[in-house]
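> coords please:
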Amino acid sequence: MTGRALPPFLDYAVIPLLNLLAALIVSGLILAAIGVPPGTALASMAEGAFGSADGIGYTLYYATNFIFAGLAVALPARAGLFNIGGEGQAMIGGLLVALVCLGLPGWPWWAALPLAAAAALFGGAAWALIPALLQVRRGSHIVITTILFNFLASKFSTWMLVDVVRAPGDPSPETAGFDPSLALPAAAGSPVNLSLLLALAAAFLAWLLVHRTVWGYELRAAGQSPEAAHYAAIPAGTLAVVAICLGGACAGMIGVNEAMGVEHRLVLGFTAGAGFVGVAVALMGRNHAFGIVLAAILFGALYQGGAELSFDYPQATRDIVVVMDGLVILFCGALEQLWRRPVAALWLRS
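Below you'll find the predicted structure:
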């Protein structure tokens, strides 16, 4: 039985939950091997992620970045392409956000936000454009080119922050602080800010675009069957380029969350791997906007809960938490089809 023959509740809910359960079981075995009770460890993670206002704030802050990063993968995936360049696209978007904010001292945040968001969208989309064109016109594999562009973006951002826009007299590779009036409204005591609403709006608009427009129908048709799209005179190449650029634009919005919402400056390495986590978020969310939001909250909880776990159990170092995150990515990403055949067989018998 194919994935499309499964009812939506099995494909979008039951199978991802089974993948998550498998990851948690293996994580529990690892925790038990280092002397940490699995049950209390998972309870500690849940408490750290959702047990206080601060914990919820940090969970949603991480989730904001992961929503943008997940959309950066999901939109090109609808065209049958795999965008791994969210990390680099976010770096360029954040760099342009910083340049806009440094050039608007004294502006209120509500006036500067449209310009900063436009810069982030443009930066991410522009950085995705060349890999998209190479894929469509030259046949270069999008995975290879976007990975290479991640390295290019990293080197370019480092040069900019060290030699061009670094604050005078500051040895750290970061810009000067933005004017306080440019800071986005945020919850007291936590980094979650207005960018969360922007991320939710982006997910809703992506759903409308993909599922409620002719363009989205053509995009899905081209992604599922390029040959049929060709005979239906659907411009698959143009659709692919636009989808990849839209994904890059979403990744660029991570810069708004980090630069205007949290740091109030641009610091080196602000993406912290969010672009790569977006791959797992999109896979777990089945490239659907609603699923991406839920998966982003899950990974946000893992990041925040992992910090609490390391505090409560010193032997559960940050490396152990990274292994747990990696297991979730493994089972929800590379092994996402692990339970499909047995679930499909049970469904047929029932």
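> list the buried residues for the helix or strand containing Leu200?
Using DSSP states H and E, the element containing Leu200 is helix 195-211. Residues of helix 195-211 classed as buried: 195-196, 198-199, 202-203, 206-207, 209-210 (neighbour count, 16 or more other C-beta atoms under 10 Å). For the C-beta atoms, the positions are set from N, CA and C on the backbone; glycine is no exception.
> also stretch 105-116?
With burial defined by 16+ other C-beta under 10 Å, the residues of stretch 105-116 counted as buried are 107, 109, 112-113, 115-116.
> which of those residues fall in strands?
If you go by DSSP state E, the buried residues of stretch 105-116 have nothing in strands.
> export those residues as JSON lines, with columns for distance to Thr175.
JSON lines is the format used below for these (distance: C-beta to C-beta, whole Å):
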{"residue": "Trp107", "distance to Thr175": "16"}
{"residue": "Trp109", "distance to Thr175": "17"}
{"residue": "Ala112", "distance to Thr175": "15"}
{"residue": "Leu113", "distance to Thr175": "18"}
{"residue": "Leu115", "distance to Thr175": "17"}
{"residue": "Ala116", "distance to Thr175": "13"}
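> and which of the residues you listed is nearest to Ala77?
The nearest member of those to Ala77, counting by C-beta to C-beta, is Ala116 at 27.4 Å.
> mind listing the helices for the stretch 101-250 of the chain?
For the stretch 101-250 of the chain, the helices defined by DSSP state H, counting those that start in this stretch occupy 109-133, 142-159, 195-211, 214-224, 226-231, 236-252.
> what comes up buried for the fourth one?
What it means is helix 214-224. Applying 16+ other C-beta under 10 Å to helix 214-224 flags 216, 218-223 as buried.
> relative to helix 236-252, how tilted is it?
Orientation check (axes from the mean of the first three to the mean of the last three C-alpha atoms, to 10 degrees): helix 214-224 against helix 236-252 gives 110 degrees.
> got a list of contacts for the helix holding Leu200?
Residues outside helix 195-211 that contact it (C-beta atoms under 8 Å, 6 or more residues apart in numbering) are 60-61, 63-64, 67-68, 71, 74-75, 78, 117, 184, 215-216, 219-220, 246, 250, 253, 256-257, 260-261, 288-290, 292-293, 296.
> which among these end up buried?
60-61, 63-64, 67-68, 71, 74-75, 78, 117, 184, 216, 219-220, 246, 250, 253, 256-257, 260-261, 288-289, 292-293, 296.
> tell me how far the lowest-mean-pLDDT helix or strand in the chain is from the chain's mean position?
Ranked by mean pLDDT, DSSP states H and E, the weakest helix or strand in the chain is helix 8-9, scoring a mean of 77. Helix 8-9 sits 23 Å away from the centroid of its parent chain (C-alpha atoms, centre = their mean, to the nearest Å).
> stretch 324-344 now?
That offset, for stretch 324-344, works out to 18 Å (C-alpha atoms, centre = their mean).
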